[in-house]
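Trainee: Sequence plus the predicted model coming up.
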Amino acid sequence: MNDRYLARHVAGLKPSGIRKFFDIVATMKDVISLGIGEPDFVTPEPIIQAGIRALHAGETHYTSNAGLLELRQAITSHIRATYGVDYDPLAEAIITVGVSEALYLTMTALLNPGEEVLIPTPCFVSYQAEVILAGGVPVEIRTCVEDGFQVKPEMLEAAITPRTKAILLGYPNNPTGAVYTREVLLEIARIAEAHDLIVISDELYDQLVYGVKHVCFPSLEGMGQRTVLLGGFSKNYAMTGWRAGFACGPAGIIKGLVRIHQYTIMSAPTMSQMAALEAIQHGQKYVDQMRDEYDRRRKLIVGGLNQLGLPTFEPHGAFYAFPNVGNTGMDDETFAQKLLEEERVAVVPGNSFGAGGEGFVRCSYATAYEKIEEALDRMQRFMHRHG
Ligand SMILES: Cc1ncc(COP(=O)(O)O)c(C=O)c1O
């Protein structure tokens, strides 16, 4: 069917670089994939059981549009206990189909045509597309390894125009693993206040930090009233397939999100909401176990890549290492392609994540320890030939 019927803003969307690459990987045998952005762990058993119990108990109906009140209460209590931020579960929280939907709702609810969203990059592949789909204009602010992939406040401020509506942050960061420091976040807060901007803070990986403390953006003074906090279950609790997430923020904004959600989704899957409730109420022990294992793998992969001559920034969050491949004389696309063809190791070219990602590749350590060891052996052979 001819795609001339597609709306221009949809036809113009680029396919995600990650998908393109993984379509090739899917046709190959014996590949070790460091490419996937999701936990290799299966969802912890008690959480699975809660989902099954919900089905057997006949919880097969819609929930309220904003989601199960009990889950909204559990999420807001958890945020209050962990970060000291107060949200009213009745008016300031919505359960969504993952952070993916929460991002879509937030952009659609906030943006008038042509309004700009500042996005520090490299970043999660959907950010720019979500802004475009909502009729807005993404403005990429490049971060670099020398600054620990933290956005330079002066660059952020210099990009502000009369059309700027919001800043979209993602930390712990996919793909760099950077965790924003309180100092940088305070600077961003000052800029948001001075220019009356909304901050959309995607903190999906908030519990996956190693040796540092995660600072929740709305916990900064004055920021609760201008932040939409996005979070969820996919990464912390190894629940990607359940599709459960949330947004919390000022009642006036959340009301807008609920309205769009009501007409597009109705309510997030009920059994997933019940499973998420079990996760947030009783799942901490599993998060801690998985985090410890990620940390062990993190040390292995970061040390290993540096030893191979691929300088790798120390990631303090999420589950990605982001080595620079410039020493090989190849760009990131060529490196990823040749590594896959010659040694059957899949990594993601950094340019898929926007400006500043060129010359780097993303290696996920949400992969079994032994597989990372084998991948490093294969990469050593590769570097012997190309280093
Ligand atoms: C930073 C970031 N935000 C959002 C998402 C989407 O997550 P969800 O499964 O909650 O839709 C991802 C998934 O990789 C991510 O890395």
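Mentor: Received the coordinates, thanks.

Trainee: Need the three-state assignment for the residue nearest to residue 343 when sequence neighbours are not counted.
Mentor: Spatial nearest neighbour of residue 343, excluding adjacent residues (C-beta to C-beta, 6 or more residues apart in numbering): residue 378 at 4.0 Å. C-betas here are computed from N, CA, C, even on glycine. Recorded secondary structure, residue 378: helix (DSSP: H, G, I helix; E, B strand; the rest coil).

Trainee: wait, residue 378 sits on residue 341?
Mentor: No. Counting by C-beta atoms under 8 Å, residue 378 stays clear of residue 341, with 12.0 Å between them.

Trainee: gap between residue 175 and residue 220?
Mentor: Residue 175 sits 25 Å away from residue 220, going by C-beta to C-beta, to the nearest Å.

Trainee: More neighbours: those two, which one.
Mentor: More neighbours surround residue 175 than the other of residue 175 and residue 220, with 30 against 20 (other C-beta atoms under 10 Å).

Trainee: Hmm, the more buried one is touching residue 354, no?
Mentor: No. If you go by C-beta under 8 Å, residue 175 and residue 354 don't touch, sitting 9.6 Å apart.

Trainee: Could you name every residue contacting both of those two?
Mentor: residue 122 (C-beta atoms under 8 Å, 6 or more residues apart in numbering).

Trainee: of all of the stretch 201-350 of the chain, which residue lies closest to the ligand?
Mentor: residue 234 (3.4 Å; C-beta to the nearest ligand atom).

Trainee: quick revisit: look at residue 378 and residue 341 and report which has more neighbours.
Mentor: residue 378 (16 against 10).

Trainee: Which residues in stretch 354-363 does the neighbour count mark as buried?
Mentor: For stretch 354-363, the neighbour count (16 or more other C-beta atoms under 10 Å) marks 354-363 as buried.

Trainee: Please tabulate those residues in a markdown table and include pLDDT, distance to residue 136 and secondary structure as additional columns.
Mentor: Shown next, in a markdown table, are these (pLDDT from 0 to 100; distance: C-beta to C-beta, whole Å; DSSP: H, G, I helix; E, B strand; the rest coil):
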| residue | pLDDT | distance to residue 136 | secondary structure |
| --- | --- | --- | --- |
| 354 | 95 | 16 | coil |
| 355 | 93 | 18 | coil |
| 356 | 95 | 21 | coil |
| 357 | 97 | 21 | coil |
| 358 | 97 | 24 | coil |
| 359 | 98 | 28 | coil |
| 360 | 98 | 27 | strand |
| 361 | 98 | 29 | strand |
| 362 | 98 | 26 | strand |
| 363 | 98 | 32 | strand |
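
Trainee: ok, which pair from the residues you listed is furthest apart?
Mentor: 355 and 363 (20.2 Å; C-beta to C-beta).

Trainee: can you pull the alpha-carbon coordinates of the worst-scoring helix or strand of the chain on mean pLDDT into PDB?
Mentor: Lowest mean confidence among the helices and strands of the chain (mean pLDDT, DSSP states H and E): helix 17-25, at a mean of 76. What follows is helix 17-25, C-alpha atoms only, in PDB (Å, rounded to 0.1, in the frame of the first residue of the first chain):
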ATOM      1  CA  GLY A  17      18.400   2.700  14.500                       C
ATOM      2  CA  ILE A  18      18.100  -0.100  17.100                       C
ATOM      3  CA  ARG A  19      15.300  -1.900  15.400                       C
ATOM      4  CA  LYS A  20      17.000  -1.800  12.000                       C
ATOM      5  CA  PHE A  21      20.100  -3.400  13.600                       C
ATOM      6  CA  PHE A  22      18.200  -6.100  15.500                       C
ATOM      7  CA  ASP A  23      16.200  -7.200  12.400                       C
ATOM      8  CA  ILE A  24      19.600  -8.300  11.100                       C
ATOM      9  CA  VAL A  25      20.600  -9.900  14.400                       C
END
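
Trainee: for it, packing partners?
Mentor: helix 332-343, strand 345-346, strand 348-349 (3 or more C-beta pairs under 8 Å, 6 or more residues apart in numbering; DSSP states H and E).

Trainee: relative to helix 332-343, how tilted is it?
Mentor: 20 degrees (axes from the mean of the first three to the mean of the last three C-alpha atoms, to 10 degrees).

Trainee: got a list of what residue 94 touches?
Mentor: In this structure, residue 94 makes contact with 66-67, 72, 102, 105, 246-248, 254, 257-258, 261, judged by C-beta under 8 Å, 6+ apart.

Trainee: redo that, cut-off 10 Å
Mentor: Applying C-beta atoms under 10 Å, 6 or more residues apart in numbering, one finds that residue 94 lies in contact with 65-67, 72, 75, 101-102, 105, 245-249, 254-255, 257-258, 260-262, 267-268.

Trainee: So which of the residues you listed sit within strands?
Mentor: Judged by DSSP state E, these include 245-248 as members of strands.

Trainee: Please name the nearest non-neighbouring residue to residue 51.
Mentor: residue 275 (3.8 Å).

Trainee: next helix or strand past the helix or strand hosting that neighbour?
Mentor: Assessed by DSSP states H and E, residue 275 sits inside helix 270-282. The helix or strand immediately downstream of helix 270-282 is helix 284-307, counting by DSSP H and E.

Trainee: mean confidence for the helix or strand that that next one is followed by?
Mentor: Following helix 284-307 in sequence order, the next helix or strand is strand 320-321 (DSSP H and E). Regarding strand 320-321, the rounded mean pLDDT is 98.

Trainee: Can you tell me what sits against strand 320-321?
Mentor: By C-beta under 10 Å, 6+ apart, strand 320-321 touches 34, 37, 172-178, 205, 297-298, 300-302, 304-306, 310, 312-315, 347-348, 353, 360-366, 372.
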